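[1] Pasted the sequence and its predicted model underneath.
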Amino acid sequence: MNDYDALRDYLMRQKQMEFVLSFEQIEEIIGAALPRAANRASWWDSLRSPDIQMPQREACLAAGFVATRMPDGQSVRFTKRKKDGRRPG
């Protein structure tokens, strides 16, 4: 599964600076099941290993968001990036 365009498009429509989506909600958005690797925090972390291209990370960054898997292991926090590319705060 390589196509996270639907997630990118969803994120681009969001007005909130920060929000959380469950894995189920993300699967509904992309129209497919997330891979098992999505359970790992590193799979979502947009700022970790930026030299490694991963489609879900690229989709988030293209929409202007940083993704962080929540401690519950079943949801992801999306935080709007500042203009300089860093997380707010």
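    The structure has been received and is ready for your questions.
[2] What residues does the residue nearest to residue 17 when sequence neighbours are not counted make contact with?
    Nearest non-adjacent residue to residue 17, counting by Cβ to Cβ, 6 or more residues apart in numbering: residue 80, 4.6 Å away. All C-beta atoms are positioned from the backbone trio N, CA, C, and that covers glycine. Residue 80 is in contact with 16-18, 64-65, 88, counting by Cβ atoms under 8 Å, 6 or more residues apart in numbering.
[3] again, only this time at 7 Å
    If a contact means Cβ atoms under 7 Å, 6 or more residues apart in numbering, then residue 80 has 17-18, 64-65, 88 as its contacts.
[4] can you check residue 72 too?
    Residues in contact with residue 72 (Cβ under 7 Å, 6+ apart): none are found.
[5] Then the one 4 residues further on?
    Counting by Cβ under 7 Å, 6+ apart, residue 76 makes contact with 20-21, 26, 44, 67-70.
[6] can you put those in TSV and add secondary structure, pLDDT and distance to residue 9?
    TSV is the format used below for those (DSSP: H, G, I helix; E, B strand; the rest coil; pLDDT from 0 to 100; distance: Cβ to Cβ, whole Å):
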residue	secondary structure	pLDDT	distance to residue 9
20	strand	98	19
21	strand	97	14
26	helix	96	13
44	helix	87	18
67	strand	93	15
68	strand	93	20
69	strand	94	21
70	coil	94	22
